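Undergrad: Return atomic coordinates for the entry below.
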Amino acid sequence: MVIQYRKAFLLRQFIFGAFFLSFFLNPFLSYSTEYKIIGPSSSVKWKATKVMGGHNGTVSISSGSLKIEKGNILGGFFKIDMNSIVCLDLDPEGPWNQKLVNHLKSDDFFSVDKHRYSSLKITKSTKRKDGSYSISGDLTIKGIKKPINFKSSLKVNKNKLNATGDIVFDRTDYDIRFRSGKFFEGLGNRLIHDKVSLKVSIVGKVD
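TA: Below you'll find the model as predicted:
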């Protein structure tokens, strides 16, 4: 009886020890940390060009988060408030600034009344030799989702995160055709280029 009890006790100890080692020492087991985006400290700077110059400005990130594991980006999601779009290259007190902003919000461009928010979902990341990241994800504008790839940097300091990304997308992929050479001929100097550049800078913290 004593021998059987001792065997059972040793077996339980062995199972517990094996579980402990596999749980804490297995290199394939890891945990991610979610960083909530601080909207007022983050920014999206946009730039669009045309034959006769171009415009630039900002748009706000309303919410979002990044999941980080051992310094690697596992995923993320950002919600962008298109109603916050601002033009920076025109005099804010002049009539042309608000006219441009209103036009960008119209159905010629982002249809903000119908599609208040755009979004970016990160689905995959690969760390490069130079320490930067190759990011793959989905960019949704006007309810249209398209795959996107871009380069990003990441700095994590305990409970705080800083990340940047340079994104270029084709506006015609999102049914923004106004003065596009793909759809209209004879535009001359009125032509607006299809590529739009975004410089994303985000600050996040552990909630």
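
Undergrad: all strands for the protein, in order.
TA: Along the chain, counting by DSSP state E, strands occupy 33-37, 43-50, 53-69, 72-87, 117-127, 133-141, 144-157, 160-170, 192-206.

Undergrad: quick one: contacts for Asp166?
TA: Taking CB atoms under 8 Å, 6 or more residues apart in numbering as the criterion, Asp166 is in contact with Phe150, Lys151, Ser152, Ser197, Leu198, Lys199, Val200. Bear in mind the C-beta positions are built from the backbone N, C-alpha and C, glycine included.

Undergrad: Selecting buried members of these in ChimeraX, what would you type?
TA: Buried members of the contacts of Asp166 can be picked out in ChimeraX with the line below, counting by 16 or more other CB atoms under 10 Å:
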select :150,152,198,200
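
Undergrad: Name the member of the contacts of Asp166 with the shortest distance to Gly76.
TA: Taking CB to CB as the measure, Gly76 lies nearest Ser152 of these, at 9.9 Å.

Undergrad: check contacts around the residue lying closest to that closest one once chain neighbours are set aside.
TA: Leaving aside its chain neighbours, Ser152 sits nearest to Gly165 (4.1 Å; criterion: CB to CB, 6 or more residues apart in numbering). With contacts defined as CB under 8 Å, 6+ apart, Gly165 is in contact with Ile135, Phe150, Lys151, Ser152, Ser153, Leu198, Lys199, Val200.

Undergrad: Quick check: the gap between the fourth one and Lys47.
TA: Remark: distance between Ser152 and Lys47 (CB to CB, to the nearest Å) = 18 Å.

Undergrad: can you check the third one too?
TA: To Lys47, Lys151 is 16 Å away according to CB to CB.

Undergrad: Might you report the residue contacts of Tyr117?
TA: Contact analysis of Tyr117 by CB under 8 Å, 6+ apart lists Ser62, Lys79, Ile80, Asp81, Met82.

Undergrad: Which secondary structure element of this structure has the lowest mean pLDDT?
TA: Between all helices and strands in the chain, the lowest mean by mean pLDDT, DSSP states H and E belongs to helix 2-25, at a mean of 50.

Undergrad: Domain-wise, how is the protein divided?
TA: What automatic domain parsing lists as the domains of the chain is 1-29, 31-206.

Undergrad: now the end-to-end length of the longest one.
TA: The straight-line separation of the ends of domain 31-206 (CA to CA, to the nearest Å) is 14 Å.

Undergrad: do the same with stretch 155-166
TA: 16 Å.

Undergrad: How many neighbouring residues does His141 have?
TA: Quick fix: residue 141 reads Ile, not His. Ile141 has 24 neighbours, counted by other CB atoms under 10 Å.

Undergrad: In space, what's closest to it - neighbours in sequence excluded?
TA: Using CB to CB, 6+ apart, the nearest residue to Ile141 is Tyr174, at 4.1 Å.

Undergrad: I am finished for the moment; much appreciated.
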